[in-house]
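Peer 1: Predicted coordinates and the sequence they were generated for:
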Amino acid sequence: MFENGKRVLIVDDERLIADTAAMIFAVRGFESRAVYSAEQAIEIMSQWSPHLAIIDIRLPGMNGIDLAIWLKSELPSCKVNLISGFMDATEWLDEAEKAGHSFHVFAKPTPPTDLLRRGDDLLLQGEEAC
């Protein structure tokens, strides 16, 4: 069923967005899962390692930037893309960049074709590095 063998994790507290994005990636041949908090993402990654994580910046509890930094330290080969419907994440992103972490951010709503194209691009970069 999963044609390309790549795993994608969608992390967004807006369930409809997370579930829809996971379904779009699944239709494209990715093994995809949706979770609704950073804590759920950390829990699922103890048993299932994604190749790509698409993470909303504003999450309840741990924010998406902190999750992305944690993810990169635990699974360095996992590609990360952030999404946000708010412009007030600039301060968090600036702090992350000062600490040596740089992330691409898509504005919500993001057309599914853009997410898929970015996912394909990030995953192809990973294959070239292997």
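Peer 2: Nice, thanks for sending it over. Numbers count the residues shown, from 1 in each chain.
Peer 1: How many residues are close by the closest residue in space to residue 110 that isn't next to it in sequence?
Peer 2: Excluding the flanking residues, the one nearest residue 110 by C-beta to C-beta, 6 or more residues apart in numbering is residue 83, at 6.1 Å. Using the backbone N, CA and C atoms, a C-beta is placed for each residue, glycine as well. A total of 23 residues lie near residue 83 under the criterion other C-beta atoms under 10 Å.
Peer 1: hang on, residue 83 in a helix?
Peer 2: No: Residue 83 is assigned strand when assessed by DSSP: H, G, I helix; E, B strand; the rest coil, not a helix.
Peer 1: neighbours around residue 17, how many?
Peer 2: 20.
Peer 1: What's opposite the residue nearest to residue 110 in the beta bridge?
Peer 2: Judged by DSSP bridges, the bridge partners of residue 83 are residue 56, residue 106.
Peer 1: quick one, what contacts it?
Peer 2: In this structure, residue 83 makes contact with 12, 54, 55, 56, 57, 105, 106, 107, 108, 110, judged by C-beta atoms under 8 Å, 6 or more residues apart in numbering.
Peer 1: Tell me how far it lies from residue 17.
Peer 2: Going from residue 83 to residue 17 by C-beta to C-beta, to the nearest Å gives 8 Å.
Peer 1: what about residue 49, which SS state?
Peer 2: Counting by three-state DSSP, the backbone at residue 49 sits in coil.
Peer 1: residues in contact with the closest residue to it other than its chain neighbours?
Peer 2: Of all residues not flanking residue 49 in the chain, residue 75 sits nearest, at 5.7 Å (C-beta to C-beta, 6+ apart). Residues in contact with residue 75, defined by C-beta under 8 Å, 6+ apart, are 45, 49, 50.
Peer 1: all helices of this protein, in order?
Peer 2: Taking DSSP state H, the helices of the chain run over residues 15-27, 38-45, 64-74, 90-98, 112-129.
Peer 1: and the ones you listed as TSV, adding mean pLDDT and distance to residue 8?
Peer 2: Shown next, in TSV, are the helices of the chain (pLDDT from 0 to 100; distance: least, C-beta to C-beta, whole Å):
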stretch	mean pLDDT	distance to residue 8
helix 15-27	93	5
helix 38-45	96	12
helix 64-74	92	13
helix 90-98	64	22
helix 112-129	68	6
